[in-house]
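Enquirer: Structure of the sequence below:
(one chain, ligands or ions: 1)
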Amino acid sequence: MNVIIVGFGFIGKETVRALYKKMDIIKRLDEEFRIIGISDSKGYIYNEKGLNLEKLINIERLSDYMAYNESGSAEELIEKRDVDLMVEATPTNIKNGEPGLTFIRKALKRGIHVVTSNKGPLVVAFKELTTLAKMNNCQLLYEGTVAGALPVFSLVRKCLQGDKIRRIMGILNGTTNYILSKMYFEGTSFELALKEAQERGITERDPSYDVDGIDAACKIVILANALMNKDIRFEDVKRTGIRRITQEAVSLAKKANYAIKLIGVIDKRIEVAPKLVPINHPLCVHGTLNAIHIESDLAGRITLIGYGAGKETVSAIMNDIFTILKDLRKS
Ligand SMILES: NC(=O)c1ccc[n+]([C@@H]2O[C@H](COP(=O)([O-])OP(=O)(O)OC[C@H]3O[C@@H](n4cnc5c(N)ncnc54)[C@H](OP(=O)(O)O)[C@@H]3O)[C@@H](O)[C@H]2O)c1
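Expert: Okay, the predicted model is just below:
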């Protein structure tokens, strides 16, 4: 399998590291597995015989690798002859999905399997992209887009095949959970907790993306469309953020054995809003943890808890890659 990676930032680099680390297992599934190209916003590297991963894991910028094509674009890489799989990890843009949307469209149209951690294209064009994948007989997998390492799509698709999903609820944004946990445990104000989150570098560049529930709403769109047969857009999510949560409200809730959490819900409602969560409820996790609670007709209630961002996200990307490799062996 010939693989290209589009985006050599945090996720792109961590993916290369994980592939290098697990190469012996991968080679047992596909002796011909190789990364033939990687691009960033300014250019790409390409070698049809396979790039040197040992060199790649030791460089900071793609341009530090020999033969960096400074004028090349990701689109050119996608259009190379023998690409079988693209890992797409460019920045999220929920306004128009770009640049990832164009890359994913182009890849799927050429029958290239796609693994992405980028919410933007899926929020903007979920139906179009999943239809395109089907029409071109290839897979579009996106486990890393929602709640990082939590295998929610794989769990529902592989382990709840006979279930009807009735409700999905979750803490889908680690930054707001960090802020609310600080307010709960340390009695800090919203403003101070936000400032600390920014100092720790865990907020988006524009913190409203986190605190106004925009990021969580994007994840609700993907979950609803992928797992609950909906056809919704970002505007369909009723959204309230956490800016107005005061220290007094958090303390009052605490005295009554509740914590205030930013919860995304899909049932009859499709919303993201602060909710009172009983302190002994499985969703009541703290710090930067994420949690997803699924209610289905046969299994009842299942909760996944874990890291929603950071290097753990690569577990989801690797699982998607392994899924494609194994499915190809079966066919
Ligand atoms: N970081 C996390 O913990 C995490 C977790 C889950 C999901 N995600 C999602 O995964 C994606 C990648 O995240 P990240 O943290 O790796 O972002 P990042 O560090 O900002 O890296 C983004 C990469 O995309 C490249 N890029 C930008 N425009 C491009 C273009 N037109 N063509 C080719 N490459 C382009 C950038 O190139 P330059 O290097 O030249 O700027 C950079 O290498 C995002 O959509 C993010 O929301 C991230």
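Enquirer: Going by C-alpha atoms from here, please, whenever you check contacts or count neighbours.
Expert: OK.
Enquirer: the strands in the stretch 151-300 of the chain, which residues?
Expert: For the stretch 151-300 of the chain, the strands defined by DSSP state E, counting those that start in this stretch cover 165-171, 238-239, 258-266, 270-278, 289-296, 300-307.
Enquirer: tell me the most buried of these?
Expert: strand 258-266 (a mean of 25; mean count of other Cα atoms under 10 Å).
Enquirer: Close to the ligand: what parts of the chain are there?
Expert: Proximity of the chain to the ligand, by Cα under 6 Å from any ligand atom, involves residues 6-12, 39-42, 74, 89-92, 99, 117-119, 144-145, 148, 309-310, 313.
Enquirer: out of these, which are inside strands?
Expert: Within those, residues falling in strands by DSSP state E are 6, 39.
Enquirer: To residue 25, which of the strands of the stretch 151-300 of the chain lies closest?
Expert: strand 300-307 (24.5 Å; Cα to Cα).
Enquirer: So which elements touch that closest one?
Expert: If you count contacts as 3 or more Cα pairs under 8 Å, 6 or more residues apart in numbering; DSSP states H and E, strand 300-307 packs onto strand 289-296.
Enquirer: pLDDT of the strand it packs on, averaged?
Expert: Taken as a whole, strand 289-296 has a mean pLDDT of 98.
Enquirer: And the contacts of that strand?
Expert: Contact partners of strand 289-296, identified using Cα atoms under 8 Å, 6 or more residues apart in numbering, comprise 147, 152, 163-174, 177-178, 282-283, 285, 300-308.
Enquirer: For the residue of the stretch 201-331 of the chain found nearest the ligand, which non-adjacent residue is closest in space?
Expert: The nearest approach of the stretch 201-331 of the chain to the ligand comes at residue 310, 3.4 Å away (Cα to the nearest ligand atom). Distances taken as Cα to Cα, 6 or more residues apart in numbering put residue 148 closest to residue 310, at 7.5 Å, once the chain neighbours are dropped.
Enquirer: Can you pull the phi/psi pair for the one you found?
Expert: phi 40, psi -110 (degrees, to the nearest 10).
Enquirer: Surely it touches residue 308?
Expert: Yes: counting by Cα atoms under 8 Å, residue 148 touches residue 308, with 3.9 Å between them.
Enquirer: Now do the shared contacts for these two.
Expert: With Cα under 8 Å, 6+ apart as the test, residue 148 and residue 308 reach no residue in common.
Enquirer: hang on, the earlier thing: next, count neighbours for the residue of the stretch 201-331 of the chain closest to the ligand.
Expert: The number of residues packed near residue 310 is 13, by other Cα atoms under 10 Å.
Enquirer: Ramachandran angles for it?
Expert: Torsion angles at residue 310 (phi, psi; degrees, to the nearest 10) stand at phi 90, psi -170.
Enquirer: I'd like the distance between it and residue 193.
Expert: Applying Cα to Cα, to the nearest Å, the value for residue 310 to residue 193 is 20 Å.
Enquirer: how far away is the residue lying farthest from the centre of the chain from residue 279?
Expert: Computed with Cα atoms, centre = their mean, the residue of the chain farthest from its C-alpha average is residue 255, at 35.0 Å. Using Cα to Cα, residue 255 is found at 11 Å from residue 279.
Enquirer: Common neighbours of these two, please.
Expert: Joint contacts of residue 255 and residue 279 (Cα under 8 Å, 6+ apart) do not exist.
Enquirer: what's the domain layout of this protein?
Expert: Annotated domains of the chain cover 2-148+311-330, 157-307 [automatic domain parsing].
Enquirer: for the first one, the distance to its chain's centre please.
Expert: Just to be clear, that refers to domain 2-148+311-330. 13 Å (Cα atoms, centre = their mean, to the nearest Å).
Enquirer: quick one, what contacts the residue farthest from the centre of the chain?
Expert: Counting by Cα under 8 Å, 6+ apart, residue 255 has no contacts.
Enquirer: residues contacting the closest residue in space to residue 145 that isn't next to it in sequence?
Expert: Spatial nearest neighbour of residue 145, chain neighbours left out: residue 117 (4.5 Å); criterion: Cα to Cα, 6+ apart. Contacts for residue 117 (Cα under 8 Å, 6+ apart) come out as 88, 89, 142, 143, 144, 145, 317.
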